[in-house]
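J.: give me the fold of what follows.
(one chain, ligands or ions: 1)
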Amino acid sequence: MSVVRRKPDWGRPPWQIDFRPRSRSLPRATDYAIVGGGFTGLAAAAWLRHLAPKKTVSILEARRIGAGSSGRTGGIALGETAAGDLPGLGDVLGGLPEILGALRVDCEFEAGGVYELTHRPGAKRRSAKGAPIFWADAGGLRVAEEVPGGSVNPGKLVSGLGRAAQRLGAIIFENAPVEKIEYGELVELVVNGRVIRAAQVLVATNAMSLELSGLAERAEPKFTLAVATRPLTTGQLEALGLGMRRPFYTVDLPYLWGRVLATNSVIFGSGLVHLKDWRELEEISMGEGEAGELARRLKGRVRRLHPVLGEVEFSHTWGGPMLIGEGWRPVFARHPRTGNVLVLGAYSGHGVALSVYLGRWAAEVMAVGRELPRWNERREPIVWKV
Ligand SMILES: Cc1cc2nc3c(=O)[nH]c(=O)nc-3n(C[C@H](O)[C@H](O)[C@H](O)COP(=O)(O)OP(=O)(O)OC[C@H]3O[C@@H](n4cnc5c(N)ncnc54)[C@H](O)[C@@H]3O)c2cc1C
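T.: Coordinates of the predicted model:
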């Protein structure tokens, strides 16, 4: 089976992951194996050790921690899921600071609210304070609503979760792609040709390795893009309607999201590369092809939004994978081949707060037998491609 090996050129986001795990040789056995070192896998691993400090926890990451979406995300922290609230989900935005506090992760989490923007003419502007947003995008873009949410620094969230996992005793293996999973009483994972036996496994590989997660038939991999402007002045941010530094996203098309960084750069994101097979992610280069063209169009669109942005320069252009679940619902289920393997992901571009929140939940399922959520109970049989 083909797994993630090549390093694609997905560009560089405007933050850094400044934590590198200690290098160790692979174990022969582990109590818990976590496949994927993004927000989901790192949060789950740290929480597993928090709950079960005597059990061994190994994170197996194909490249480096944060190499998937988590190090390349926009960092807007939203409540609920991309499909809205789901039965039994609970308070995602309330859970995030709780988990960050318990794990001692400082990631510049702000929760001052998020603007929902609309292109609808005559939409009532509800933002109470500050200058209004009025951008020349497809006829006009303005604030329709302010909803709960905020932002994180993605580099600090990946680093902080990695540090917490390691401090609590989880072992993080980078450049450790899981090539194959054999199902039995003990699950066997093949990594760089070596076998690791695990009592329980969490597969948190998002848009990649869909044969391992069994999600090839249940979710669609995509690639999405973002750009960062050079820092703007406070006056320019005010003129743009971003003086309150609220993140924003459109609730209609054409889609646009963004937020102001601590440096006064503004990031904007939009555009999807549609893929037939997740392996096409490995071929994507930001400088060329469809991704390059979408990035050029996004920059042109941003420059046309407002006179302040007319000649703005961009310091960073990057993209990353995302996985769209059926009905935009995240997948959080046991693998049908064995109850010892859990699959978690497919946040449909809405995974910053959700990945950490559900990562904790996955650890609780594995360590203390918490029940899985009810939204994965399906009437029709799941067709898993394994
Ligand atoms: C450009 C962009 C902007 C976004 N903006 C937002 C936003 O503002 N707000 C929001 O809520 N969401 C946003 N998202 C979505 C959010 O970033 C993701 O939902 C979230 O980061 C997913 O985390 P994860 O840990 O599940 O997956 P990932 O971070 O993708 O982690 C999966 C990991 O698995 C590893 N892996 C894959 N295959 C294997 C294997 N065989 N063996 C071992 N390891 C493997 C990968 O290398 C990767 O590190 C955005 C996504 C992108 C790409």
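
J.: list the contacts of the residue of the stretch 51-200 of the chain found nearest the ligand.
T.: Closest approach between the stretch 51-200 of the chain and the ligand, counting by CB to the nearest ligand atom: residue 68, at 2.3 Å. Bear in mind the C-beta positions are built from the backbone N, C-alpha and C, glycine included. Shown in contact with residue 68 (CB atoms under 8 Å, 6 or more residues apart in numbering): 36, 38, 205, 206, 207, 208, 320, 321.

J.: ok, for the second one, nearest residue in space, not its chain neighbours?
T.: In space, not counting the residues next to it along the chain, residue 38 is nearest to residue 70; the distance is 3.7 Å by CB to CB, 6 or more residues apart in numbering.

J.: same thing with the third one?
T.: If the residues on either side of it in the chain are set aside, residue 205 comes closest to residue 36, at 4.4 Å by CB to CB, 6+ apart.

J.: what do you get for residue 305?
T.: residue 135 (4.1 Å).

J.: phi, psi of that neighbour?
T.: Main-chain dihedrals, residue 135, degrees, to the nearest 10: phi -110, psi 150.

J.: surely it meets residue 306?
T.: Yes: judged on CB atoms under 8 Å, residue 135 makes contact with residue 306 at a distance of 5.4 Å.

J.: list residues touching both of these two?
T.: residue 240.

J.: three-state assignment of the residue lying closest to residue 332 once chain neighbours are set aside?
T.: Nearest residue to residue 332, sequence neighbours excluded (CB to CB, 6+ apart): residue 344, at 5.1 Å. Recorded secondary structure, residue 344: strand (DSSP: H, G, I helix; E, B strand; the rest coil).

J.: go ahead and confirm residue 344 touches residue 205.
T.: No: the pair residue 344 and residue 205 fails to qualify as a contact (CB under 8 Å) at a distance of 9.7 Å.

J.: looking at the two, which has the bigger crowd around it?
T.: residue 205 (32 against 28; other CB atoms under 10 Å).

J.: tell me how far that one lies from the ligand.
T.: Separation of residue 205 from the ligand (CB to the nearest ligand atom, to the nearest Å) stands at 4 Å.

J.: verify the stated contact: that residue with residue 34.
T.: No: Residue 205 lies out of contact with residue 34 (CB under 8 Å); the separation is 10.2 Å.

J.: re earlier: residues contacting the residue nearest to residue 332?
T.: 40, 44, 202, 203, 204, 330, 331, 332, 358, 359, 362.

J.: so it versus residue 353, what's the distance?
T.: Distance of residue 344 to residue 353, given as CB to CB, to the nearest Å: 14 Å.

J.: cool, residue 15 as well?
T.: 17 Å.

J.: circling back: neighbours of the residue nearest to residue 305, how many?
T.: By other CB under 10 Å, 20 other residues sit near residue 135.

J.: next: residue 258.
T.: 25.

J.: off-centre distance for the strand or helix carrying it?
T.: In the assignment (DSSP states H and E), residue 258 maps to strand 257-260. Strand 257-260 sits 16 Å away from the centroid of its parent chain (CA atoms, centre = their mean, to the nearest Å).

J.: if anything else comes up later, I'll come back, but that's it for now.
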